[in-house]
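Participant: Dropping a prediction and its sequence here:
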Amino acid sequence: MYKQRAERLLREIMANKQALGNDIYPFYLTLGEYYYQCGQLDSAKIYLEQCLEKAVRLDTRAGAVYHLSQIALSTKQWILYAELSQRYEMMRDTLDQIEVTNTIRGRQVLYDEQDKQKTLAEERVKTANANLRMVVTSLICLLIVLPTTYLLFKYKKRQKDLLKIQEKDREKIFSCDKTVLKYKEQIEHNKQIIEVLNRSLQEKDQEQQELKKKLRQDFEQKNQALYAQKEHQIELLQNLKNSSVYKNFHENEEWKPSTEDWEELFQLINAIYPSFAQKLQEAYPKIPIQMERLCYLVRIHVKPSRLSMLLNHSNISVLRKRLYLKMSGKTGKASDFDLYINDL
């Protein structure tokens, strides 16, 4: 933990070295002491020697001399240790003399301050007596002047209040007259707006009646067209079920379809479900022919066992699951694929 603190302190010192100036050497002294305690004597000597050579404060230089003497002692440099110890004792004596001098000066300043406080206290007593006499005189004058001033102030205030009340009443009357006139104008304007809105509503009612009539006719026409389309689709589906192609794909187990048979099946289913081929291409743009045939067979509800025979595939269920994942992006069962194809 101490190592981390020392490293952080060193980074902060280096980052603010120019701003600190001469104040950086107490930090160097701390770093030198830390490295000495950690046994890193070379690093300690670097920072302590800089403090000794460049520090302005005497106590900083004395601390550097002391720790350098301890380093000399630990490295058994006896002569250097003796010189540094003697130098440290001289610096410490100087610091003690400076401290005694500062103590004497502080006491002298304290004595001078006490004399000043005594003189100031005497002046304050004189000033307080003069102020007391002035206060007594002022109170007597106030006791005479205040009641008179108060009565005069109350009279003038009463007069001003009456004038303000009269002025407010006149302003209220004027404001009420303006408000009444404004309401009359607003009522006339609202009558005009209501008349315009009534005419507009009548016109809108006529337009809505015509629009409803037109929508009803369009709806009936669309229903008739859908009904006719549905009837035609049912008829085509019935024709498909009655065709030999449909029966061959559903029932004839010994029959093998040719390319023409597949084309005919595609044409019949596309005639019944016109958008089926387009939706199939959108779901699987480059669908292989084998997969496309599977989709058409599922669309006419061919059984799974029959699908395996027609497509010559051993596990048609797995194929349907894979094709469902490819086309819908979802995982599911083979029956989910059948529902998906029948909804196209």
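Facilitator: Perfect, thanks for sending it.
Participant: what's the spacing between stretch 124-139 and its chain's center?
Facilitator: Centroid separation for stretch 124-139 versus its chain: 67 Å, with Cα atoms, centre = their mean, to the nearest Å.
Participant: Then stretch 333-344?
Facilitator: Relative to its parent chain, stretch 333-344 has a centroid offset of 45 Å by Cα atoms, centre = their mean.
Participant: Output that stretch as CSV - backbone C-alpha positions only.
Facilitator: The C-alpha trace of stretch 333-344 is given here as CSV (Å, rounded to 0.1, in the frame of the first residue of the first chain):
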residue,chain,number,x,y,z
LYS,A,333,-42.5,-29.4,-37.0
ALA,A,334,-43.3,-30.9,-40.4
SER,A,335,-47.0,-30.0,-39.8
ASP,A,336,-45.9,-26.4,-39.3
PHE,A,337,-44.4,-26.4,-42.8
ASP,A,338,-47.7,-27.8,-44.3
LEU,A,339,-49.7,-25.0,-42.6
TYR,A,340,-47.2,-22.4,-43.8
ILE,A,341,-47.5,-23.6,-47.5
ASN,A,342,-51.3,-23.8,-47.4
ASP,A,343,-51.4,-20.1,-46.1
LEU,A,344,-49.3,-18.8,-49.1
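Participant: what number of residues lie near residue 272?
Facilitator: By other Cβ atoms under 10 Å, the residues close to residue 272 number 18. Every residue, glycine included, has its C-beta placed from N, CA and C.
Participant: what's it in contact with, if anything?
Facilitator: Taking Cβ atoms under 8 Å, 6 or more residues apart in numbering, we find residue 272 in contact with 233, 236, 237, 240.
Participant: With adjacent residues omitted, what lies nearest to the first one?
Facilitator: The spatial neighbour of residue 233 that comes closest, neighbours along the chain excluded (Cβ to Cβ, 6 or more residues apart in numbering), is residue 272 at 5.7 Å.
Participant: just to revisit the earlier point, would you format the contacts of residue 272 as CSV with secondary structure included?
Facilitator: Listed next are the contacts of residue 272 as CSV, based on DSSP: H, G, I helix; E, B strand; the rest coil:
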residue, secondary structure
233, helix
236, helix
237, helix
240, helix
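Participant: List just the nearest of these to residue 90.
Facilitator: Taking Cβ to Cβ as the measure, residue 90 lies nearest residue 233 of the contacts of residue 272, at 119.3 Å.
Participant: Okay, the closest one and residue 271: tell me how far apart.
Facilitator: Distance of residue 233 to residue 271, given as Cβ to Cβ, to the nearest Å: 9 Å.
Participant: what do you get for residue 162?
Facilitator: Between residue 162 and residue 271 the computed distance is 103 Å (Cβ to Cβ).
Participant: Between these two, tell me which one has more neighbours.
Facilitator: The neighbour comparison of residue 162 against residue 271 (other Cβ under 10 Å) goes to residue 271, with 14 against 10.
Participant: dump the residue contacts of the more buried one.
Facilitator: Contacts of residue 271 were listed using Cβ under 8 Å, 6+ apart, and they are residue 236.
Participant: element containing it, please.
Facilitator: Element membership for residue 271, per DSSP states H and E: helix 259-272.
Participant: All the helices of the protein, in order from the start?
Facilitator: Ranges of helices within the chain are 2-15, 17-20, 25-37, 41-54, 58-74, 78-242, 244-250, 259-272, 276-283, 289-299, 304-311, 316-328, 334-342, based on DSSP state H.
Participant: and those, which one's lowest on average pLDDT?
Facilitator: Lowest mean pLDDT within the helices of the chain: helix 17-20, at a mean of 59.
Participant: Distance check, residue 332 against residue 326.
Facilitator: Using Cβ to Cβ, residue 332 is found at 12 Å from residue 326.
Participant: filter the contacts of residue 272 to the buried ones?
Facilitator: Among the contacts of residue 272, those buried by neighbour count (16 or more other Cβ atoms under 10 Å) are 237, 240.
Participant: Using CSV, lay out the contacts of residue 272 together with distance to residue 220.
Facilitator: Output for the contacts of residue 272, formatted as CSV (distance: Cβ to Cβ, whole Å):
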residue, distance to residue 220
233, 20
236, 24
237, 26
240, 30
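Participant: tell me which of the contacts of residue 272 is nearest to residue 59?
Facilitator: Using Cβ to Cβ, the contacts of residue 272 come closest to residue 59 at residue 233, 107.7 Å.
Participant: Which pair of the contacts of residue 272 spans the longest distance?
Facilitator: Spatially, the most separated pair among the contacts of residue 272 is 233 and 240, at 10.3 Å (Cβ to Cβ).
Participant: what's the spacing between the closest residue to residue 270 other than its chain neighbours and residue 271?
Facilitator: Distances taken as Cβ to Cβ, 6+ apart place residue 277 nearest to residue 270, at 5.4 Å, with adjacent residues excluded. Going from residue 277 to residue 271 by Cβ to Cβ gives 11 Å.
Participant: again with residue 59
Facilitator: To residue 271, residue 59 is 109 Å away according to Cβ to Cβ.
Participant: do residue 170 as well
Facilitator: From residue 170 to residue 271 the distance is 93 Å (Cβ to Cβ).
Participant: do the same with residue 217
Facilitator: Residue 217 sits at a distance of 30 Å from residue 271 (criterion: Cβ to Cβ).
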